[in-house]
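Novice: Pasting a predicted model and its sequence here:
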Amino acid sequence: MSRLVLIDGSSYLYRAFHALPPLTAPDGSPTGALFGIVNMLRATLKENPDYVAFVVDAPGPTFRDELYPQYKANRPPMPDELRAQVEPMMQIVEALGFPILRVPGVEADDVIGTLALQAHEAGIPVTISTGDKDFAQLVRPGITLTNTMTGSITDDAGVVEKFGVRPDQVVDLLALMGDTVDNVPGVEKCGPKTAAKWLAQYDSLDGVMAAAADIGGKIGENLRAALHRLPLNRELVTIKTDVALEQAPQALKLRERDADALRGLYARYGFNAALRELEGGKPDPATRPAQATLAAATHAAEEAPDPALAAPGEYECITGSDALAAWVERLQAADLVSFDTETDSLDPMRANLVGLSFAVEPGKACYIPVGHDYPGVPAQLPRGQVLDALRPVLQDAGKPKLGQHGKYDLHVLRRHGVEVRGYAEDTMLESFVFDAGGLRHDMDRLARKHLGYQTIKYEDVAGKGARQILFSAVALDDATRYAAEDADITLRLHRVLSAKLAGEPTLQTVYRDIEMPLVPVLARMEATGVLVDAAELRRQSADLSQRMLAAQQRAHEIAGRAFNLDSPKQLGALLFDELKLPVVVKTPGGAPSTNEEALEAIADQHELPRLVLEYRGLAKLRNTYTDKLPEMINPDTGRLHTSYHQAGAATGRLSSNDPNLQNIPIRTADGRRIRTAFIAPEGRRIVACDYSQIELRIMAHLSRDAGLLRAFESGQDVHKATASEVFDVPLDEVSGDQRRAAKAINFGLMYGMSAWGLARQLGIGRGEAQDYIALYFGKYPGVRDFMERVRQQAREQGYVETVFGRRLQLAEIHSRNQAQRAGAERAAINAPMQGTAADIIKRAMVSVDAWLAGHRDQAAMLLQVHDELVFEAEAGFVDTLVAEVRRRMEAAASLDVALVVDVGVGRNWDEAH
DNA sequence: GTCGATACGTAC
DNA sequence: GACGTACGTATCGACG
């Protein structure tokens, strides 16, 4: 069937200009927009449309200007860089053979609308190629929109999805929203969401206008104030479909292209891929212009795995002494031993060893069961005998071992009397340094991604949910297939990942010098655990419970009925539906939020919000900390053992879980009290060492901003020093509010915060916040340049880097979704600072642990909280420890600004701060 | 009963 | 929409 494609040239030109980097031709003339247009045209040609037209605006006034003299009055003149690309664009369009339509006195939109409808009536399907959402009003069965820059196609369902209204309601939606670019004011504060909501309720603009009196709140007032404008708006946003045109759609045939002219134009503007295509060759990735390769680069990692990698393996179950001896010999002879353990628990501090598996060459692996126990289980080798036989291999630091998340296995084996040395490779960490921020790094996923191999899942052999059985109850042949596969796949994965890593020396250094040495250090910290005063926590729980009950009873009294204080839904219904308190914050789901900010905002209007806040604070402490921590104390050690996740956070930070000891409260008095329960044993002290302002120092280093560097050199409180500079007052005259503002800016900037966010944070106006930021950047221009550089790097490379070369991937940086893209840009700004801080403390941990190796009886490293290391030490050893730890932490990186470590000592963690 | 999504809140 | 990185708890509704 034949088809008509109508190209909205003007909209593409503007959008390509703003979306693409300011590329230049070999001769220096701007080509960014042109490049976008050329790619769009080539994409259109690949579709082989029967009829096609390239439509652009003609100069001069149109009917809309007559209707509304202010129409487009605020539109800035076309930038010179863009204007310079208009003529070349027309030449290329012409040379490609596209019919060009430019009708005086008629906007391109109306030409397109008219042609679309004419073709539609003639039974010809129409595709409108545009970046302009207004065309959604023309969509119907047979007329669709396409945007080749984003790859999106919009049909009826697409309109509903995108706007939340039917295509025939789009005009009404646009009339309500208005259009700032065209200087058409809509209803103030009414965006697409509100407009769609009203239209869902009242069906049409006329319906909304008729119901205007019933709509409450500020926005209702705004609507009533805008009523008189709305009919005109509707007329302005309606695309005409009845313009008098000379050509019928059927006349819009593509002419033959002018290859000579094209060759000249492409060469002149440096469009190499297009040139190559013209010559009949295939596009060459190496010479593609920058952003074409860039878009491809984000997907390039997914090269097809070699089918041979996914071949099934031969797995042996070892239940006899001879077979064991033979395998030990193979392990002794191997360059690298892949190993894995099977247990009966996910908690490595409690798990019992059920079996071990090994592989030394791809496809060949064994499973050695030592603890399977079910009716009719075959005889197995005694665990002691197996571990004795394996110990020489596993404990030999000169025999490199390989695992997947081997820290777990190190724990299990240590608790069974085997001290693994020479743990040299870990596929989880190899994958992590390659793609932090990408998918998770569990073996199943890695196998699918890099080997194209579907592993047997744990639940396939052990079941799941209530029916899950212990691994010790799994039949030996099932267990062998599952367990031997783990060792085998780990080895195969390592072959692939280590080869990839070899091609990236910087990443290899991060892996080899930071991540791998950290594994035994973390294992040691986890194994040591921290002593917790369970009785103290239980006392606190009792106290909290009492106060919670009081708050709850009072809340029910005030409400006049019982309700669940823990249910945001019930609470929201009470506060906002029954009591009609104002809604200041909405949840991401659109419901009225009952979060702290929302309750604070209405706390002066009713007693209830304050009580809820009180209750929430108490409940959080009890439910998350004082009730839970005592339960998690390990009965064998009497201590609390967290588990650090080394490949979790996209920035390279560690995370802590089971329990999370990185979010123990400190800000409020009640919360802080929990830290008094983290204690040192008799005769010992808790020592807490934290980096002072490490991320801000890293920002000073990375930005090389002279002013910020100076602020640190002075050795003063840095927020005060910045306040003094920014507000131009002597250091000792900085007011509390000025310091608070400077601190908020310092931190906010590191998180990519906007003026809007700063205003909210400080409770000031947006304009004032903007002024602060301008003042700040005026004093610290290097910081602003740095931010821009990072954004640029993120867009060009799809990742950013830490000082040590760790790569932080930003998958969403080219997302078509504006919010996601903006989020990725903020993450990009934060990542080099957060990530460098993570690198530094990891290096410090390795260094400190190496020193502690000679003093294991006197001190131990217990916890890491991103910028803080917590130790316990014999009282008489504290001074030595402090001196050595401080020296090593401060020397973990050499930046343009000094690293400073603050130290506290006490009988518990609270005192040590 | 289990699971996942959502809302909320703690840390740095 | 609007401030980055985590983890844990409670509720609630879908699902089997």
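Specialist: Thanks, I have it.
Novice: For residue A:366, which non-adjacent residue is closest in space?
Specialist: In space, and not counting its chain neighbours, residue A:366 is closest to residue A:316: 4.5 Å by Cβ to Cβ, 6 or more residues apart in numbering. For glycine as for every other residue, the C-beta is placed from the backbone atoms N, C-alpha and C.
Novice: Partner strands of the strand or helix carrying the one you found and their direction?
Specialist: Applying DSSP states H and E as the criterion places residue A:316 in strand A:314-317. Looking at strand A:314-317 with DSSP bridges, its partner strands are strand A:364-369 (parallel).
Novice: any idea how far the strand it pairs with is from the chain center?
Specialist: 39 Å (Cα atoms, centre = their mean, to the nearest Å).
Novice: one step back: which strands and helices sit next to the next helix or strand after the strand holding residue A:316?
Specialist: Moving toward the C-terminus from strand A:314-317, the next helix or strand (DSSP H and E) is helix A:321-333. If you count contacts as 3 or more Cβ pairs under 8 Å, 6 or more residues apart in numbering; DSSP states H and E, helix A:321-333 packs onto strand A:353-361, strand A:364-369, helix A:383-394.
Novice: ok and helix A:321-333 relative to strand A:353-361, angle-wise?
Specialist: For helix A:321-333 against strand A:353-361, the angle by axes from the mean of the first three to the mean of the last three Cα atoms, to 10 degrees is 50 degrees.
Novice: Would you tell me what the next helix or strand after helix A:321-333 is?
Specialist: Criterion used, DSSP H and E; the element after helix A:321-333 is strand A:337-343.
Novice: what angle separates that following strand from helix A:383-394?
Specialist: Going by the same axes, to 10 degrees, strand A:337-343 makes 150 degrees with helix A:383-394.
Novice: Three-state assignment for residue A:244, please.
Specialist: coil (DSSP: H, G, I helix; E, B strand; the rest coil).
Novice: Give the bridge partners for the closest residue to residue A:583 other than its chain neighbours, please.
Specialist: In space, and not counting its chain neighbours, residue A:583 is closest to residue A:592: 4.2 Å by Cβ to Cβ, 6+ apart. Bridge pairing for residue A:592 (DSSP bridges) gives the partners residue A:586.
Novice: if I pick residue A:592, what's in contact with it?
Specialist: Residue A:592 sits next to A:572, A:575-576, A:583, A:585-586, A:598 when contact means Cβ atoms under 8 Å, 6 or more residues apart in numbering.
Novice: Apply 7 Å and report the result again.
Specialist: Under the criterion of Cβ atoms under 7 Å, 6 or more residues apart in numbering, the neighbours of residue A:592 are A:572, A:576, A:583, A:586.
Novice: go on, residue A:194?
Specialist: Per Cβ under 7 Å, 6+ apart, neighbours of residue A:194: residue A:219.
Novice: pLDDT at it, what is it?
Specialist: Residue A:194 carries a pLDDT score of 81 in this model.
Novice: Can you say which helix or strand has it in it?
Specialist: helix A:192-202.
Novice: next structured bit after that helix?
Specialist: By DSSP H and E, the next helix or strand past helix A:192-202 is helix A:205-210.
Novice: For the closest residue to DNA strand C within chain A, which three-state class applies?
Specialist: Residue of chain A nearest DNA strand C, by Cβ to the nearest atom of the strand: residue A:757 (2.2 Å). Put simply, residue A:757 is helix when judged by three-state DSSP.
Novice: Look at it and say how many residues are nearby.
Specialist: Neighbour count for residue A:757, taken as other Cβ atoms under 10 Å: 16.
Novice: so it touches residue A:751, yeah?
Specialist: No - Residue A:757 lies out of contact with residue A:751 (Cβ atoms under 7 Å); the separation is 8.3 Å.
Novice: coming back round to it: make JSON lines out of the helices and strands packed on helix A:321-333 and add mean neighbour count and mean pLDDT.
Specialist: Shown next, in JSON lines, are the helices and strands packed on helix A:321-333 (neighbours: other Cβ atoms under 10 Å; pLDDT from 0 to 100):
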{"stretch": "strand A:353-361", "mean neighbour count": "25", "mean pLDDT": "97"}
{"stretch": "strand A:364-369", "mean neighbour count": "25", "mean pLDDT": "96"}
{"stretch": "helix A:383-394", "mean neighbour count": "17", "mean pLDDT": "97"}
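Novice: quick revisit: quick one: check the helix holding residue A:194 for contact with DNA strand B.
Specialist: No - on the criterion Cβ under 7 Å from any atom of the strand, helix A:192-202 is out of touch with DNA strand B, staying 14.4 Å away.
Novice: Please state the offset of that helix from the chain centre?
Specialist: 31 Å.
Novice: CA atoms of it as CSV?
Specialist: Coordinates of each C-alpha in helix A:192-202 appear next as CSV, following Å, rounded to 0.1, in the frame of the first residue of the first chain:
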residue,chain,number,x,y,z
PRO,A,192,-0.1,18.4,31.1
LYS,A,193,-1.1,16.5,34.2
THR,A,194,-3.7,18.9,35.4
ALA,A,195,-5.1,19.5,31.9
ALA,A,196,-5.4,15.8,31.3
LYS,A,197,-7.1,15.3,34.7
TRP,A,198,-9.7,17.9,33.9
LEU,A,199,-10.3,16.5,30.4
ALA,A,200,-10.7,13.1,31.8
GLN,A,201,-13.4,14.5,34.1
TYR,A,202,-15.2,17.0,31.9
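Novice: Of all the residues in that helix, which ones are buried?
Specialist: Neighbour counts using 16 or more other Cβ atoms under 10 Å place A:192, A:194-196, A:198-199, A:202 of helix A:192-202 among the buried residues.
Novice: still on that earlier bit, nearest to DNA strand B, of the helices and strands packed on helix A:321-333?
Specialist: Nearest of the helices and strands packed on helix A:321-333 to DNA strand B, taken as Cβ to the nearest atom of the strand: strand A:353-361 at 21.3 Å.
Novice: In chain A, where's the longest helix?
Specialist: helix A:818-852 (DSSP state H).
Novice: What is the subsequent helix or strand relative to that helix?
Specialist: Following helix A:818-852 in sequence, per DSSP H and E, is strand A:859-864.
Novice: And the next helix or strand after that next one, what does it pack against?
Specialist: Per DSSP H and E, the first helix or strand lying C-terminal to strand A:859-864 is strand A:868-874. Packing partners of strand A:868-874 (3 or more Cβ pairs under 7 Å, 6 or more residues apart in numbering; DSSP states H and E): strand A:684-691, strand A:859-864, helix A:878-890.
Novice: switch to 8 Å and redo it
Specialist: Packed next to strand A:868-874, using 3+ Cβ pairs under 8 Å, 6+ apart, are strand A:530-532, strand A:684-691, helix A:818-852, strand A:859-864, helix A:878-890.
Novice: That one versus helix A:878-890: what angle between them?
Specialist: 160 degrees.
Novice: What about contact with DNA strand B: does strand A:868-874 have any residue there?
Specialist: Yes - against DNA strand B, strand A:868-874 shows contacts by Cβ under 7 Å from any atom of the strand at residue A:868.
Novice: Off-centre distance for that strand?
Specialist: That offset, for strand A:868-874, works out to 32 Å (Cα atoms, centre = their mean).
Novice: Kindly export it (C-alpha atoms) in PDB.
Specialist: Extracted C-alpha coordinates of strand A:868-874, given in PDB (Å, rounded to 0.1, in the frame of the first residue of the first chain):
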ATOM      1  CA  GLU A 868      34.800   6.700  58.500                       C
ATOM      2  CA  LEU A 869      36.700   3.700  59.800                       C
ATOM      3  CA  VAL A 870      35.900   2.300  63.200                       C
ATOM      4  CA  PHE A 871      38.300   0.200  65.200                       C
ATOM      5  CA  GLU A 872      38.600  -1.400  68.600                       C
ATOM      6  CA  ALA A 873      41.900  -1.400  70.400                       C
ATOM      7  CA  GLU A 874      43.500  -2.200  73.700                       C
END
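Novice: List, one by one, the residues from the stretch 651-800 of chain A near DNA strand B.
Specialist: A:662-668, A:671.
Novice: Now the two most distant members of the residues you listed.
Specialist: A:662 and A:668 (17.5 Å; Cβ to Cβ).
Novice: Same drill for these two, tell me which one is more crowded.
Specialist: When residue A:662 and residue A:668 are compared for neighbours, residue A:662 comes out ahead with 17 against 10, by other Cβ under 10 Å.
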